[in-house]
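Novice: the sequence isn't on hand, but the structure is:
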């Protein structure tokens, strides 16, 4: 509009405001669960996880509990849909004849329930009813359940199928037609669940693809159950590396976590690491610690190193790693988790399998996400020097905040700044609608070694 009468015309132009980046520490967790709600569910608490995926998922996907116990910001859980995975089961024989009184089934598929010991004790109540008590014990005796006054009458409120459906985290029951009371079985000769099978590596890979649309995920953990075949383990983890590297080209950088098989020795674990070299993958030893370490990393500021940081939620390590084993593993960039007197259970050194520091990789990924977020705001606004100057200012603003946070640092002699930014467009670029941004960032590094010289004076 052009003024006719002398006066003042004021235009209000809204400043370009870069959106806040999603918090770091979002773990994409892929594994077998009891329930499979549609899509990818999110859980920031244990109650929410159980609500979405069922109580059996506490055992088929123990990494969830470990990650939440160690303070991960949020879980994005992708259930594995598999035709090969099976839930363990056992037929409980009736007192009369050889038919089954009922069948017990593990709540979730996988090998986790193989070996669950089932004890049965028949007895009579004071009012003359015939009932039985049922015990479910995990191998090693570290966890179990005991259910009393059960019946096989489907009309009874205490029928075994109804009670287990409501109260058991481990198993469900399916009554046989005309079921009779089960035979007694004590701890010396219990029934045992068997036949559980893990999903195939291809099933995990298919589930992993569902994380590609979750832009805020910056860590990935594929929760394998069966580590008996090293080739299948390597294949599953290689797919994690491929996933992370592909997403990094879309400015969705993320780091994958995996763990060595149970049993074996440090030399065997190093051989697995040789096939998984990447600056986007962390291989942990011993078996059973991946969820806890991923959760601990997710609780840290993205620029903090997990080296010598404590992890919780682990009652006992599956293997105690001596100093020689730790040295063997670290030389080949396998991350040891050990019990250290006075510190508890700690990560000895936070490294990816190619020797890069985890924190350095996370800082670089954070810078990429920030540059992408800022750059998106200026698409269509860069056709003059003023727009390109504004883009540079916003990038400097973002990187300055990273510097103030402590994620970027100058060189140790102070001569080189924490970051450098240049925004430009040649005439040929301008004709093609291209603006180029050159950045150099210096992520803070963990200081893992102290060499001290002691002068003994006389």
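Specialist: Perfect, I can see it now. Here the structure is a predicted model, which means the values were calculated and not measured.

Novice: ok, how many other residues are close to residue 446?
Specialist: 18 (other Cβ atoms under 10 Å). From N, CA and C alone the C-beta is placed, and that goes for glycine too.

Novice: that one: what's it in contact with?
Specialist: By Cβ atoms under 8 Å, 6 or more residues apart in numbering, residue 446 lies in contact with 305, 307, 350, 357, 359.

Novice: name the element it belongs to?
Specialist: Assessed by DSSP states H and E, residue 446 sits outside every helix and strand.

Novice: neighbours of the nearest residue to it once chain neighbours are set aside, how many?
Specialist: Take residue 446 and drop its neighbours on the chain: the residue closest to it by Cβ to Cβ, 6 or more residues apart in numbering is residue 305, 3.3 Å away. Neighbour count of residue 305, defined by other Cβ under 10 Å: 22.

Novice: likewise for residue 317?
Specialist: Neighbour number of residue 317 under other Cβ under 10 Å is 16.

Novice: correct me, but it touches residue 336?
Specialist: No. Applying Cβ atoms under 8 Å as the test, residue 317 and residue 336 come out as separate, 10.0 Å apart.

Novice: which residue ranges of the stretch 251-400 of the chain form helices?
Specialist: With DSSP state H, counting those that start in this stretch as the criterion, the stretch 251-400 of the chain has helices at 266-274, 290-299, 323-331, 358-377, 385-405.

Novice: tell me which of these sits nearest to residue 32.
Specialist: Among the helices of the stretch 251-400 of the chain, the nearest to residue 32 by Cβ to Cβ is helix 290-299 (14.0 Å).

Novice: quick one, that closest one and helix 358-377 angle?
Specialist: Counting by axes from the mean of the first three to the mean of the last three Cα atoms, to 10 degrees, helix 290-299 points 60 degrees away from the direction of helix 358-377.

Novice: distance from the chain centre to helix 290-299, please.
Specialist: Here helix 290-299 is found 7 Å from its chain centre; the criterion is Cα atoms, centre = their mean, to the nearest Å.

Novice: can you start the count at 7 instead of 1 from here on
Specialist: That works, and once the first residue is 7, the last one we named lands at helix 296-305.

Novice: what helices or strands is it leaning on?
Specialist: Packing partners of helix 296-305 (3 or more Cβ pairs under 8 Å, 6 or more residues apart in numbering; DSSP states H and E): strand 32-37, helix 68-75, strand 225-228, strand 261-265, strand 287-291, strand 341-346, strand 350-353.

Novice: so what strands line up beside the third one?
Specialist: The one in question is strand 225-228. Strand 225-228 pairs in its sheet with strand 32-37 (parallel), strand 261-265 (parallel), by DSSP bridges.

Novice: average model confidence for it?
Specialist: Across strand 225-228, the average pLDDT comes to 97.

Novice: list of residues touching that strand?
Specialist: Outside strand 225-228, the residues that reach it (Cβ under 8 Å, 6+ apart) are 31-37, 69, 73, 210, 214, 217, 242-243, 245-246, 249-250, 260-264, 296-297, 300, 303-304.

Novice: low-confidence ranges in the chain?
Specialist: Along the chain, segments meeting pLDDT under 70 span 7, 103-104, 132, 146-148.

Novice: domain map for it?
Specialist: Listed domain ranges for the chain are 32-89+206-365, 95-198 (source: automatic domain parsing).

Novice: CSV for the ones you listed, including distance to residue 455?
Specialist: Formatted as CSV, the domains of the chain follow (distance: least, Cβ to Cβ, whole Å):
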stretch, distance to residue 455
domain 32-89+206-365, 10
domain 95-198, 38
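
Novice: now, of these, which is deepest in the fold?
Specialist: For the domains of the chain, ranked by mean neighbour count under the definition mean count of other Cβ atoms under 10 Å, the leader is domain 32-89+206-365 at a mean of 20.

Novice: so how far is that domain off the chain centroid?
Specialist: Relative to its chain's centre, domain 32-89+206-365 lies at 5 Å (Cα atoms, centre = their mean).

Novice: and what of stretch 116-126?
Specialist: Remark: stretch 116-126 is offset 25 Å from the chain centroid, using Cα atoms, centre = their mean.
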